[in-house]
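Visitor: got a predicted model here, sequence first, then my questions.
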Amino acid sequence: MEMKRINAGKLRAIGYEPRERQLRVEFDDGSAIDYSGVGAEVWRRLSTSASAWSYYRDNIEEEFSGRRGVAKAEKKSLAALEDLFRAPDEDKGV
């Protein structure tokens, strides 16, 4: 499932699998919820909403059953952050 990165309230990423009608919502604390039975119109409205957090709270959180999980961190992104914050002499073993 392709995830769309967002920064709306506590939401950090959302994704949708149309064949399975499954919506995945990832939060700023690293948790995730997979919702089943979500229609394409709900996904479209969430993914294009100017206020995705409010749309999620009002139209998804209480309307669909969800299964809790953990958001997977992208190794590529973590490596880039480690490189960014590495001390200049750390690479030289000093």
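Guide: Looks like it arrived, so ask away. Numbering: from 1, shown residues only.

Visitor: low-confidence ranges, the chain, go.
Guide: 73-84, 87-94 (pLDDT under 70).

Visitor: any idea how far the spatially most central residue of it is from Y55?
Guide: Nearest to the mean C-alpha position of the chain, by Cα atoms, centre = their mean, lies A13 at 2.1 Å. Applying Cβ to Cβ, to the nearest Å, the value for A13 to Y55 is 15 Å. Placement of C-beta: from N, CA and C, glycine included.

Visitor: cool, P18 as well?
Guide: On the measure of Cβ to Cβ, P18 and Y55 end up 18 Å apart.

Visitor: tell me the strands beside the helix or strand hosting A32, with direction?
Guide: Secondary structure from DSSP states H and E places A32 in strand 31-36. Strand pairing for strand 31-36, using DSSP bridges, gives strand 22-27 (antiparallel), strand 66-70 (antiparallel).

Visitor: following element in sequence after that strand, please.
Guide: Sequence order places helix 40-48 as the next helix or strand after strand 31-36, per DSSP H and E.

Visitor: quick one: whichever helix or strand comes after that next one to strand 31-36, angle?
Guide: Downstream of helix 40-48, the next assigned helix or strand under DSSP H and E is helix 52-59. If you take axes from the mean of the first three to the mean of the last three Cα atoms, to 10 degrees, helix 52-59 sits at 50 degrees to strand 31-36.
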